[in-house]
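Asker: Here is the input, now give the coordinates:
(2 chains)
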There are 2 protein chains.
Amino acid sequence: MPKKVDHEARRQEISEALCRIAGTRGLDGASLRDVAAEAGISLGRLQHYFRTRDEMLLFALRYINRLAGDRIRERIEALTEEPTPREVLRACLSGMLPLDDRSRIGLLVGAAYYARAVHDEALRAEAEDGIPRLRAFFADQLRLAADRGELPPERANEDEAMLLISAADGLATYVLLEVHTPETALRLVDLHLANLFGAERPPETGAGRVVTTGGSVR
Amino acid sequence: MPKKVDHEARRQEISEALCRIAGTRGLDGASLRDVAAEAGISLGRLQHYFRTRDEMLLFALRYINRLAGDRIRERIEALTEEPTPREVLRACLSGMLPLDDRSRIGLLVGAAYYARAVHDEALRAEAEDGIPRLRAFFADQLRLAADRGELPPERANEDEAMLLISAADGLATYVLLEVHTPETALRLVDLHLANLFGAERPPETGAGRVVTTGGSVR
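Answerer: The predicted model follows:
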């Protein structure tokens, strides 16, 4: 295996160890030494890959987000041959919720990141870069929906995109705090989408495309 | 001063020290000893009031939320003689955003609480109790608005209340992460309210009541 690939693979293995700690006793107070122990390597070896806890946290967050992105893309591709913008948005928003162990762990690592990033400019850069890209992608889907007559044009913009992202983020937070269940969070994402696009469509069964009724909202 | 009041006052002073740390270098990694130093007391003295870091964090969070509640009530009372449900909701939602130093510090303490609570059942109880109460209050305001013909009755429910809370929570998160400004967060809260209640009303100027136009939403 080439050296660079090997380096990346080792960093991913360490990230997986960090995720196991996040999923069990939590990252609050977990040191580089704790993660090294979980990964079955020495502290010195771990520091060959990550010099600081923040560096490791950031790598793990990006790694998790990349895997989450892959899962969302797979889910969209599995939906239908040609998913509607609404279906694409629903798949993305669902991917932001802790609906399974993997995404739950991603959010637990995200909680540790958030607690650090509010006090660290370098860590904040990650969100400052990533969220506007997600917002732009969501806004593109909204504009596409408007072009297809599935959404009133005045709601196809970055502000509505940011409200969708913010609501999903808040709903995910309240699942982790056990204020409501993952199922409730998903139901409320669907309510937000219904408020935006109009009455709910039947859930995707894979049994064929549902013909959209056009731009009538409410 | 009676002993019980004195005890409460000392706990509040320590909470203020914790807030100062939250507002400057951050609570991540801040120990009981650090907070004692900031409060100008010995560690032993601090432990007379708080046995653990979590106990202190929880007290500080409740203290901050109570002060925030007081500020929101004052703001509502300053609005008009008889604020509309929409005005009450807007004041509450604004209070959830980091629009000034005080609410910003509250959210920074909240971030430290969140990172701990996702791994601690006892700490989660605070959110499990508080958020449903806020949701019920919001839902009551929505029902009142529907009774007044200012909101379609089908949107006056706990689900819409939870979407409002979740959106504000997410929007506040993205202010702390510097994804957007406090002003943008407030603008998006207003957009969410406009989507719910109908076209925006002029901002409250204190120059008199604005007559609502009734239940026409879009």
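
Asker: Poorly predicted segments of chain A, please.
Answerer: For chain A, residues meeting the criterion pLDDT under 70 lie at A:1-2, A:200-218.

Asker: quick one, strands of it?
Answerer: Per DSSP state E, chain A carries no strands over any range.

Asker: Tell me which residue lies farthest from the centre of it.
Answerer: residue A:44 (32.0 Å; Cα atoms, centre = their mean).

Asker: Once you drop chain neighbours, what's closest to the residue nearest the centre of chain A?
Answerer: When chain A is reduced to its mean C-alpha position, the closest residue under Cα atoms, centre = their mean turns out to be residue A:96, at 3.8 Å. The spatial neighbour of residue A:96 that comes closest, neighbours along the chain excluded (Cβ to Cβ, 6 or more residues apart in numbering or on different chains), is residue A:168 at 4.4 Å. The C-beta positions use only the backbone N, C-alpha and C, and glycine is treated the same way.

Asker: now residue A:109
Answerer: Excluding the flanking residues, the one nearest residue A:109 by Cβ to Cβ, 6+ apart is residue A:22, at 4.9 Å.

Asker: again, but for residue A:39
Answerer: residue A:17 (3.6 Å).

Asker: Could you check how many residues crowd around the nearest residue to residue A:72 once chain neighbours are set aside?
Answerer: Setting aside the residues directly before and after it, residue A:72 is nearest to residue A:95 in space (Cβ to Cβ, 6+ apart), at 4.0 Å. Taking other Cβ atoms under 10 Å in any protein chain shown as the neighbour definition, residue A:95 ends up with a count of 19.

Asker: what about residue A:180, how many neighbours?
Answerer: 19.

Asker: Now it: phi and psi?
Answerer: Dihedral angles phi and psi of residue A:180 (degrees, to the nearest 10) take the values phi -140, psi 170.

Asker: Quick check: it touching residue A:174?
Answerer: Yes - under the criterion of Cβ atoms under 8 Å, residue A:180 makes contact with residue A:174 at 5.6 Å.

Asker: list residues touching both of these two?
Answerer: Jointly contacting residue A:180 and residue A:174 under the rule Cβ atoms under 8 Å, 6 or more residues apart in numbering or on different chains are residue B:162.

Asker: need the contact list for residue A:76.
Answerer: Taking Cβ under 8 Å, 6+ apart as the definition of contact, the neighbours of residue A:76 are A:83, A:87-88, A:91.

Asker: From these, pick the one nearest chain B.
Answerer: residue A:91 (18.7 Å; Cβ to the nearest Cβ).

Asker: right, and that closest one touches residue A:79 too?
Answerer: Yes - Residue A:91 sits in contact with residue A:79 when judged by Cβ under 8 Å, with a separation of 6.9 Å.

Asker: burial count for the nearest residue to residue A:195 once chain neighbours are set aside?
Answerer: Using Cβ to Cβ, 6+ apart and skipping residues adjacent in sequence, the residue nearest residue A:195 is residue B:195, 6.7 Å away. The criterion is other Cβ under 10 Å. On that basis, residue B:195 has 17 neighbouring residues.

Asker: quick one: residue B:195 from residue A:90, how far?
Answerer: In this structure, residue B:195 and residue A:90 are 18 Å apart, going by Cβ to Cβ, to the nearest Å.

Asker: I'd like the distance from residue A:135 to chain B, if you could.
Answerer: In this structure, residue A:135 lies at 8 Å from chain B, with Cβ to the nearest Cβ, to the nearest Å as the measure.

Asker: For that residue, give me its contacts.
Answerer: A:158, A:161-162, A:165.

Asker: can you pull out the helices in chain A?
Answerer: In chain A, the segments counted as helices under DSSP state H are A:3-23, A:32-39, A:43-49, A:53-79, A:85-95, A:101-117, A:121-147, A:158-176, A:182-197.

Asker: top of the contacts of residue A:135 by neighbour count?
Answerer: When neighbours are counted by other Cβ under 10 Å, residue A:162 leads these with 27 neighbours.

Asker: My read is that that one contacts residue B:188, right?
Answerer: Yes - contact between residue A:162 and residue B:188 holds when scored by Cβ under 8 Å: they sit 5.9 Å apart.

Asker: Show me the common contact partners of those two, please.
Answerer: With contacts taken as Cβ under 8 Å, 6+ apart, residue A:162 and residue B:188 have residue B:171 as neighbours in common.

Asker: so which of the helices of chain A is the most packed in?
Answerer: When neighbours are counted by mean count of other Cβ atoms under 10 Å in any protein chain shown, the highest per-stretch mean among the helices of chain A falls to helix A:158-176, a mean of 24.
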